[in-house]
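# Fold the stuff below for me.
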Amino acid sequence: MIKTGMITLIVVVVGLLALIGIYAIGVYNGLVKLRNMFRNAFSQIDVQLKRRHDLIPNLVETAKAYMAHESGTLEAVIAARNGAESARQAAAANPGDAAALQKLGAAEAGLGGVLGRLFAVSEAYPDLKANQNMMQLTEELTTTENKVAFSRQAYNDSVLAYNNKREVFPNNIFAGIFGFSEAALFEIESPVEREAPKVQF
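Coordinates of the predicted model:
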């Protein structure tokens, strides 16, 4: 009688441990899959940001011929571009790192601000606005900005799915054991994005 009860208890304990082990494997594999998805989504952002950063020197070179008196603005664009490129490389090394993504977001917001100034100043140079190369570069830059926005949304959606899977109970226990840390969203703090459009009649 005691032996049968002990055997039953051992079978139940082994069965529970096996179920917990299978569940832990499922959680681990699910988290790996979601982590790889958000890393892949960031690589799409990375491609577009690299393209954006590569277009800017050509834009500045084109503008230089027409905007000799605006060297401060042109230098600010190049400095902001270099800072953003450096931040991009750091974030690409670890897409889930909150500090790296925050620096990248700040650098991209700064770059967007100086590019906005460049375009505002270029309005005073009709020959520059009419330049075919400038128009093409501006068009490519705008297209790239749109692709960055779409890629950023896909990345943030992937991070949300990963963080949700990681934080629900009992997954959070296994995520902690296996070392799955929280991933950060990629946000660009831009006053322009936060403001509602002003409509005047």
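
# what residue ranges in this protein score low on pLDDT?
1-2, 189-201 (pLDDT under 70).

# let's see it at 90
Counting by pLDDT under 90, the chain contains low-confidence ranges at 1-9, 58-74, 94-98, 116-139, 141-142, 145, 185-201.

# All the helices of it, residue numbers only.
2-64, 71-93, 98-122, 126-130, 132-167, 171-178, 191-194 (DSSP state H).

# So which of the ones you listed is nearest residue 185?
Proximity to residue 185 (CB to CB) singles out helix 132-167 among these, at 4.9 Å. The C-beta positions use only the backbone N, C-alpha and C, and glycine is treated the same way.

# Now do that closest one: distance to the chain's middle.
Its chain's C-alpha centre and that of helix 132-167 lie 8 Å apart, by CA atoms, centre = their mean, to the nearest Å.

# Which elements pack onto that helix?
Packing contacts for helix 132-167, counted by 3 or more CB pairs under 8 Å, 6 or more residues apart in numbering; DSSP states H and E, involve helix 2-64, helix 98-122, helix 171-178.

# winner for burial among these?
helix 98-122 (a mean of 19; mean count of other CB atoms under 10 Å).

# what comes into contact with stretch 116-126?
With contact meaning CB atoms under 8 Å, 6 or more residues apart in numbering, stretch 116-126 is reached by 59-60, 63, 66-67, 70, 73-74, 76-77, 128-129, 134, 138, 192.

# Can you give me every residue that contacts the residue nearest to residue 133 when sequence neighbours are not counted?
Leaving aside its sequence neighbours, residue 133 sits nearest to residue 62 (CB to CB, 6 or more residues apart in numbering; 5.0 Å). By CB under 8 Å, 6+ apart, the contact set of residue 62 is 128, 131, 133-134, 137.

# buried subset of those?
Buried residues within the contacts of residue 62, counting neighbours by 16 or more other CB atoms under 10 Å: 128, 131, 134, 137.

# Can you report phi and psi for residue 95?
With angles defined as degrees, to the nearest 10, residue 95 sits at phi -60, psi -20.

# mind listing what the residue nearest to it when sequence neighbours are not counted touches?
Computed as CB to CB, 6+ apart, the closest residue to residue 95 that is not its neighbour in sequence is residue 42, at 3.6 Å. Residue 42 makes contact with 91-92, 95, 155, 186 under the criterion CB under 8 Å, 6+ apart.

# which among those residues gets closest to residue 147?
Sorting these by distance to residue 147 puts residue 155 at the head of the list, at 12.2 Å, by CB to CB.

# how near is that closest one to residue 118?
Distance, residue 155 to residue 118, by CB to CB, to the nearest Å: 27 Å.

# Export the helices and strands packed on helix 132-167 as TSV, with columns for distance to residue 143.
Putting the helices and strands packed on helix 132-167 into TSV (distance: least, CB to CB, whole Å) gives the following:
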stretch	distance to residue 143
helix 2-64	9
helix 98-122	14
helix 171-178	38
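
# so which of these gets nearest residue 151?
Between the helices and strands packed on helix 132-167, helix 2-64 lies closest to residue 151; by CB to CB that is 4.3 Å.
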